[in-house]
Structure formats: C-alpha cells, structure tokens
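>>> Need coordinates for the below:
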Amino acid sequence: MLTMSSDLRYYKLNSEVKDPYRATSGSACFDLYSFLPDESEVTVYRNDFEETEKVTRVVKLKRVPINPKERILIPTGLILDIPKGYSVRLYPRSSLALKQGLTLANNVGIIDSDYVEPVFAMIFNMSGYVKYINHEERICQAELFKDQPHVLEEVFERPERKTERDGGFGSTGKK
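Next up, the predicted model:
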C-alpha cells in the first residue's frame, strides 16, 4: 500500500510494545505508552549540588520509581518513521502532571525526521514524593507536525514596534 507523505509509520522493537493510540476522533494528539518489561534498564539523571549524575536503574515488577527532582528516560519501545518535511512533538499529559506531579523535563520534545532511533519520554518528578511509571502507562502525547520552511536572515536595524505593547515579559497583562 502506498502511503501519503504525511503518514506516520512506526516500528516496534518488541512485538509486545503497545501501539500509539488516538483516544477519540477529535483528539489532536496520540498517546505513547511506556515499555517497561521486567529486568529492563532505564537511564536516570539526578542533580546532587552542581553535578549531574547519570545512573542506570533496573525495572522490577514492570514499574520504575522516580524520586523527587529526578529525570528519567522512559522507553516507548518504538522507532518512528517520520516523513521528510515533518517532525513529531511530544507533550506532557495533563492528567499525569495534575495527579502525579510528573511532566516532561523539556516541556515539549521535538523529534526530527532524520532521527530513526528509539523514542524515549524524558519524565521529570516535580512532586516531593517518590512516584512510579508503570509498564504500558500512557506517558505523553505526540503530534505529527508539518515543518514550515523559512529563511533565517540577520537584519541590521532593530525591528519596529507593531502594536501598542510596551515592555517584555508580562507586559500584556498590565492594566
């Protein structure tokens, strides 16, 4: 079957990996799931004072603990075949942030079309408690995003104000 240029194909690293899933016909994004079979390993990053420590943690009982302020690479078990001219954006799941205090460490992950390696979600524990990611848990949302070709051009005159805005951060909230 021929695929259109905007079709997103994926490869499972293991036959038991859960397929990406669009929850409703109106969903803008699709869900990606964790793939944490017993005895697999995950990479954890934690900061102790000014040093960042990288450690490996073994998954037991098909779940992995995330300590407060740790960042952990959660495998999805997928490799995406992103069409040229597109990228995939990973977004935090609002329910994971609200109920667990877990979010994506980089807020939005961007996967370029020339990246053909396993996809991970970089989860950050912003709560003050140990939290767990379970095997086959919905860990983030993803969206196929069409790239907008553009030219980056340096100019030698400061841009002119286009509206009545006066100021920087928070300036639109002034009354």
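>>> If you tally nearby residues, what's the number for residue 7?
12 (other CB atoms under 10 Å). The way it works is simple: take the backbone N, C-alpha and C, and place the C-beta from them, glycine included.
>>> quick one: it and residue 83 touch, right?
Yes. Counting by CB atoms under 8 Å, residue 7 touches residue 83, with 6.9 Å between them.
>>> quick one, strands of the protein?
9-12, 30-33, 41-48, 51-58, 63-66, 71-81, 86-91, 102-104, 109-112, 118-125, 131-134, 138-146 (DSSP state E).
>>> Leaving out sequence neighbours, find the closest residue to the residue minimising distance to the centre of the chain.
The centre of the chain sits closest to residue 90, judged by CA atoms, centre = their mean, with a distance of 3.5 Å. Counting by CB to CB, 6 or more residues apart in numbering, residue 90 lies nearest to residue 109, which is 3.5 Å off, once chain neighbours are set aside.
>>> so what's the one you found up against?
89-90, 121-122, 140 (CB atoms under 8 Å, 6 or more residues apart in numbering).
>>> and with 10 Å instead?
For residue 109, the contact set (CB atoms under 10 Å, 6 or more residues apart in numbering) comprises 88-92, 119-122, 140, 142.
>>> so what's the residue lying farthest from the centre of the chain scoring on pLDDT?
Distance from the C-alpha centroid of the chain, by CA atoms, centre = their mean, peaks at residue 157 (37.3 Å). pLDDT recorded at residue 157 is 96.
>>> what's the answer for residue 48, then?
66.
>>> Was I right to think residue 111 contacts residue 122?
No. In this structure, residue 111 is not within contact of residue 122 by CB atoms under 10 Å, at 11.8 Å.
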